[in-house]
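Visitor: Here is the input, now give the coordinates:
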Amino acid sequence: MDEIRANADAVLIGANTIRSEDPPFRIRSKKWIGKRLLEGKTAQPISIILSNSLDLPINGRYFKERKLDRIIFTTQTASKEKLKSVSPFAEIIQTEGNKVDLNDLCRILFQRNIHKLVVEGGGEVNMAFFNAGLVDEIYMTLCPVIIGGREAPTPVDGVGFTADNIIHFELMETRKIGHEIFQRYCVKNNCP
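Guide: Sure thing, here's the model as predicted:
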């Protein structure tokens with residue numbers, strides 16, 4: 001994960017992930033931080049949150065990380081109270097409508113020279129990027145752990161794919177590190 005993040009300009013997660021997991025977002029490896037610094041980049045990629053409501057745990061671990069540039073994409077319908085409470089921690093970009101348009105988000109990021117975006121989820125955010133046709137590659141990790149049950153997290157949530165809109169991938173790379181297998185796929189017909 002550190003290597004994937006280190007090669008990104010920005011990493012995006014959804015508000016549900018922030019609310020449920022409250023992850024401390026950062027590259028941990030000094031090796032990958034050093035590589036970024038040698039390339040003239042910041043130590044950490046820009047962190048992007050997708051939140052229609054701005055209902056975020058501003059007192060949680062994620063917002064305690066000080067050396068991190070954050071952008072929060074929200075809508076024009078976000079309350080002024082929420083805007084005021086979140087704005088000290090991140091740049092806020094509001095888009096039209098009651099849901100952030102992912103094509104607009106990507107266009108804005110591209111204009112800011114953010115060309116490599118890693119979308120870490122959660123499942124609803126991942127599905128939204130698939131539905132918008134904005135996925136070039138996926139990384140899958142097979143870990144020696146089983147999480148099950150109806151409420152278990154999945155790579156994509158929501159309605160899902162129908163038989164006529166299934167996305168096909170081509171395996172680009174497989175690596176075994178410790179007891180985990182890391183696989184990189186590209187969207188078939190868009191592979192380099």
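
Visitor: The chain: strands as residue ranges?
Guide: For the chain, the strands defined by DSSP state E occupy 10-14, 46-50, 70-75, 91-95, 117-121, 137-142, 169-177, 180-187.

Visitor: For the first one, give the mean pLDDT please.
Guide: Throughout strand 10-14, pLDDT has a mean value of 95.

Visitor: partners of that strand, with directions?
Guide: Counting by DSSP bridges, the strands paired with strand 10-14 are strand 46-50 (parallel), strand 117-121 (parallel).

Visitor: just the third one next, same as before
Guide: According to DSSP bridges, strand 70-75 has the following sheet partners: strand 46-50 (parallel), strand 91-95 (parallel).

Visitor: Quick one, which of the ones you listed gets closest to Val145.
Guide: strand 46-50 (25.9 Å; C-beta to C-beta). Yep, even glycine has a C-beta here, placed from its N, CA and C like the rest.

Visitor: Run through who's touching that closest one.
Guide: The contact list for strand 46-50, computed with C-beta atoms under 8 Å, 6 or more residues apart in numbering, reads 9-15, 18, 25, 56, 68-73, 90, 100, 105, 109, 114, 117, 125.

Visitor: rewinding a little: please identify which of the strands paired with strand 70-75 is closest to Arg175.
Guide: Distance to Arg175, taken as C-beta to C-beta, is lowest for strand 46-50 among these, at 25.5 Å.

Visitor: what's the average pLDDT for that closest one?
Guide: Rounded mean pLDDT across strand 46-50 is 96.

Visitor: Going by neighbour count, list what's buried in that strand.
Guide: Residues of strand 46-50 classed as buried: Ile46, Ser47, Ile48, Ile49, Leu50 (neighbour count, 16 or more other C-beta atoms under 10 Å).

Visitor: returning to that earlier point: as JSON lines, the strands paired with strand 10-14 with distance to Thr95 would be great.
Guide: Converted to JSON lines, these look like this (distance: least, C-beta to C-beta, whole Å):
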{"stretch": "strand 46-50", "distance to Thr95": "10"}
{"stretch": "strand 117-121", "distance to Thr95": "16"}
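
Visitor: which residues touch Met140?
Guide: Pro155, Phe182, Gln183, Tyr185.

Visitor: And for Ile58?
Guide: Contacts of Ile58 (C-beta under 8 Å, 6+ apart): Ser85, Val86, Phe89.

Visitor: so how far is Lys30 from the closest residue to the first one other than its chain neighbours?
Guide: Think Ser85. Distance criterion C-beta to C-beta, 6 or more residues apart in numbering; nearest residue to Ser85, sequence neighbours excluded, is Ile58 at 6.1 Å. Relative to Lys30, Ile58 is positioned 29 Å away (C-beta to C-beta, to the nearest Å).

Visitor: now swap in Leu105 and tell me
Guide: From Leu105 to Lys30 the distance is 31 Å (C-beta to C-beta).

Visitor: Over to Asn7?
Guide: Applying C-beta to C-beta to Asn7 and Lys30 gives a distance of 16 Å.
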